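K.L.:
No sequence on hand, only this structure:
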């Protein structure tokens, strides 16, 4: 990779449009595939040829994992795993293998060098093949470790890492109104796949889950069809399923000192292995869209604290106009005392900010004549206990929006720092020496 | 609309990129929105300004409904409704209202003229707003009527249309191996929303469901993240979650005589009101991806009958090479006698063909450590009893693929012909005179 310390998309010069290596594989037949696969060792891969948003590659290697301050891609597939083994070696071997696969898939390659057809006809293909014709599509893969990986609920230290659990990595408290479903909550390990083509994200998660057989099992997974936050000043603010622009005041990648203060863990914060990492909070928030849709515009805007059309703070004209929490109208504060935008503001939270990176979801029907729709909330923060928890405690108690939402899933993960050449996901936690995957681990 | 009898995308001249009316609404504030909305009566709308795949408009009006031979868009949201009223007037009023909304949304407008913010702050917004900033994205909305709309399971003719039920519209027989879940099957009415942005498809279904409150209730819905068929020679063949190119031999829109023979109902076939219509078969096919992924390439290719890399029929070189069912290899026929491609071929089915238009899905976890993934199969045919049923009977008995799939949902719908100006979805069935929606029905 040419830019090991940056998670910015690699802009490559335009070539014949959208012909990635994977696409080429689909077109030329098995002989050429084997040759190409065999010659394409990780670390010497070139980026795909297209510079479009479908072809762009986001560097996998770097100080931080990609998929955090990377400009939020349009689609997401998120998975939480249970680790089903007690063997540290098996877990480390899987993390090494996953890292190699992630390095490959994020540049638009197949999951393994021998790929969907390259291993010959008498072996199961090592790549499931559904992304063969697709480009990298800015795929990012971001791993996190749950509290239960360090100590099981019954107190066992399966992998000899209990003493490396960060203080910040404890189960979130129960918040007022929580209606959490165990089958949508928790997990020993999570992987967030974001891409501009959902098939690329699903393919990545599926192939990672597949090689994990015997070591991990899918606990829950969530597809997000549309991003609900911008994480870069280069992006327009998208809308959530309440119809409002969401994330106007989100931390942007370009605000490097804010990112440094509120997203990245400092090695001196607590556990040195987490330096350059972050914490990921996931909340599956069911939106009760039917009562919301029956609510008058004035009430919707009071609940949010912004104008629905423009996204401007109430009393202002344009989306990015300053949020003036003190401005008064004829009947009291223009921004209601329980408005979401007020309660979630740094001004009301003693300066706290988080980086949001959520997605809209719609998962069929709820069985009662309604769509099961909402927001899969993802936030990254430097210390969830000092950022997300107080913020959510305030929101859970007072947010006018609570009448229209229900938190049904919840999870917290420690997101280790980025991977440099020779390292693997969790290197700094497991303390394994850098180097290629040992043959025995394969 | 400039091209009322064509369902082809309207190619408009490029203008400032991707600024649709909806996007404009989001940017300029309430005053302008009301004015633009009020002046934009259906039928006089201009197409959005962008000629990209996101901005393109597929004509809603035409001899046939759009979304059938329209080049398959990338994303889908499909919904099945129960009708919860016994009032024919209420049902017809909803169909009229839905038609107006569909006319608007398929050109990138809001669901109603007063829209997300145009009705003033003391009314619930008439559009939910999450597509405010998005273009038409080739949205098509396609309606179908299930057998139970004509006669309830307990034999009632709620809407006075029992005698208009086409002979072809009877519940599908139980096929060998079916494992149908009632909560994912059947329905009085379906609407298929396809678009190149999933948020546009979800927005459309949500708004249609919303105004149906009191008349219909969501029975089930399905999100499809990636198309699995081409329906036009202009499209490349996508891959399903088995990693194979799917739909190589699908009927293409350009094959007009084949489309005429196998997709469109002739008014003389049975019920004249169905002339120009079609039948939609939906099957939620769970793919057992874990056993599939453990299968050697040779077996996967034997099951399908095609090469995984190129998509060529076994024994041939390129995807579109002729399927030679008689060619022999050293150990028997190159295309296995139980290969999917053989059993689904017109050659083995007495000439039968269907138009497929399915989508890949991934809906979380199945609770057993696996992803709940598969193919949401959609087929259009002129007579499902003569086309889909014999085809599926053959496949259900013999298809080598059956070891790796499970049909868990099923539904059949009569898809009425296209709508011309002044008509509404189901005009020809309900025999209502053309004309604008009566005020009382609104």
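P.N.:
Arrived safely. This one's a predicted model, so the numbers in the text were calculated from it and none came from an experiment.

K.L.:
Next, the buried residues of stretch A:63-74.
P.N.:
Residues of stretch A:63-74 classed as buried: A:64, A:65, A:66, A:67, A:68, A:69, A:70, A:71, A:72, A:73, A:74 (neighbour count, 16 or more other C-beta atoms under 10 Å in any protein chain shown). The C-beta positions use only the backbone N, C-alpha and C, and glycine is treated the same way.

K.L.:
Take these and keep only those in helices.
P.N.:
If you go by DSSP state H, the buried residues of stretch A:63-74 have nothing in helices.

K.L.:
could I get the residues you listed as TSV with pLDDT and distance to chain B?
P.N.:
Formatted as TSV, the buried residues of stretch A:63-74 follow (pLDDT from 0 to 100; distance: C-beta to the nearest C-beta, whole Å):
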residue	pLDDT	distance to chain B
A:64	97	28
A:65	98	23
A:66	97	22
A:67	98	19
A:68	98	23
A:69	97	23
A:70	96	20
A:71	95	17
A:72	96	14
A:73	96	13
A:74	96	8
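
K.L.:
Kindly tell me how buried the nearest residue to residue A:252 once chain neighbours are set aside is, as a neighbour count.
P.N.:
With C-beta to C-beta, 6 or more residues apart in numbering or on different chains as the criterion, residue A:252 has its nearest non-adjacent residue at 4.9 Å, and that residue is residue A:233. By the criterion of other C-beta atoms under 10 Å in any protein chain shown, residue A:233 has 11 neighbours.

K.L.:
Let me know whether residue A:319 touches residue A:237 as I believe.
P.N.:
Yes. Contact status for residue A:319 versus residue A:237: in contact at 6.5 Å, counting by C-beta atoms under 8 Å.

K.L.:
list the residues that contact both of these two?
P.N.:
By C-beta atoms under 8 Å, 6 or more residues apart in numbering or on different chains, residue A:319 and residue A:237 have these common neighbours: A:245, A:248, A:311.

K.L.:
Would you mind trimming those residues to those in range of chain B?
P.N.:
Counting by C-beta under 8 Å from any C-beta of the partner chain, A:245, A:311 from those sit close to chain B.

K.L.:
ok, which stretches of chain A are strands?
P.N.:
For chain A, strands defined by DSSP state E occupy the ranges A:9-10, A:57-58, A:75-83, A:140-145, A:189-195, A:216-224, A:226-227, A:278-287, A:328-329, A:332-333, A:355-356, A:359-365, A:371-381, A:405-415.

K.L.:
excluding its backbone neighbours, what's nearest the residue in the stretch 1-150 of chain A positioned nearest to chain B?
P.N.:
The nearest approach of the stretch 1-150 of chain A to chain B comes at residue A:129, 2.3 Å away (C-beta to the nearest C-beta). Setting aside the residues directly before and after it, residue A:129 is nearest to residue B:243 in space (C-beta to C-beta, 6+ apart), at 2.3 Å.

K.L.:
per-residue pLDDT, that neighbour?
P.N.:
Note on residue B:243: pLDDT of 97.

K.L.:
Ok, the one 4 residues further on next?
P.N.:
pLDDT recorded at residue B:247 is 92.

K.L.:
again, but for residue A:436
P.N.:
Note for residue A:436: predicted pLDDT of 45.

K.L.:
One more: the one 5 residues further on?
P.N.:
At residue A:441 the predicted local confidence, pLDDT, stands at 42.

K.L.:
wait, doesn't residue A:429 sit right on residue A:416?
P.N.:
Yes. Residue A:429 is within contact range of residue A:416, at 6.0 Å (criterion: C-beta under 8 Å).

K.L.:
In terms of packing, which of the two has more residues around it?
P.N.:
Under the neighbour definition other C-beta under 10 Å, residue A:429 and residue A:416 were set side by side, and residue A:416 has more, 28 against 24.

K.L.:
Chain B versus that one, what's the distance?
P.N.:
Distance, residue A:416 to chain B, by C-beta to the nearest C-beta, to the nearest Å: 24 Å.

K.L.:
same deal with residue A:317?
P.N.:
7 Å.

K.L.:
what about that residue, how many neighbours?
P.N.:
Around residue A:317 there are 10 other residues, counting by other C-beta under 10 Å.

K.L.:
for it, phi and psi?
P.N.:
phi -110, psi -40 (degrees, to the nearest 10).

K.L.:
Run through the residues that contact the residue nearest to residue A:129.
P.N.:
A:116, A:125, A:127, A:128, A:129, A:130, A:132, B:300, B:308.

K.L.:
And these, which is closest to residue A:304?
P.N.:
Nearest to residue A:304 among the contacts of residue B:243: residue A:130, at 38.9 Å, using C-beta to C-beta.

K.L.:
Tell me which residues touch the closest one, please.
P.N.:
Residue A:130 makes contacts with A:199, A:202, A:203, A:206, B:239, B:240, B:241, B:242, B:243, B:360, as judged by C-beta under 8 Å, 6+ apart.

K.L.:
can you pull out the helices in the stretch 201-350 of chain A?
P.N.:
Here the stretch 201-350 of chain A has its helices, by DSSP state H, counting those that start in this stretch, at A:256-262, A:289-293, A:297-304, A:340-343.

K.L.:
Now the weakest link among those, please, by mean pLDDT.
P.N.:
Note on these: helix A:289-293 shows the lowest mean pLDDT, a mean of 93.

K.L.:
What residues of that one count as buried?
P.N.:
Of all the residues in helix A:289-293, those buried under the rule 16+ other C-beta under 10 Å are A:289, A:290, A:292, A:293.

K.L.:
among those, which are within reach of chain B?
P.N.:
By C-beta under 8 Å from any C-beta, the members of the buried residues of helix A:289-293 lying near chain B are A:289, A:290, A:293.

K.L.:
any common contacting residues for residue A:429 and residue A:416?
P.N.:
Residues touching both residue A:429 and residue A:416 (C-beta under 8 Å, 6+ apart): A:145, A:273.

K.L.:
Regarding stretch A:406-425, how distant is the last residue from the first?
P.N.:
Terminal residues of stretch A:406-425 lie 33 Å apart, using C-alpha to C-alpha, to the nearest Å.
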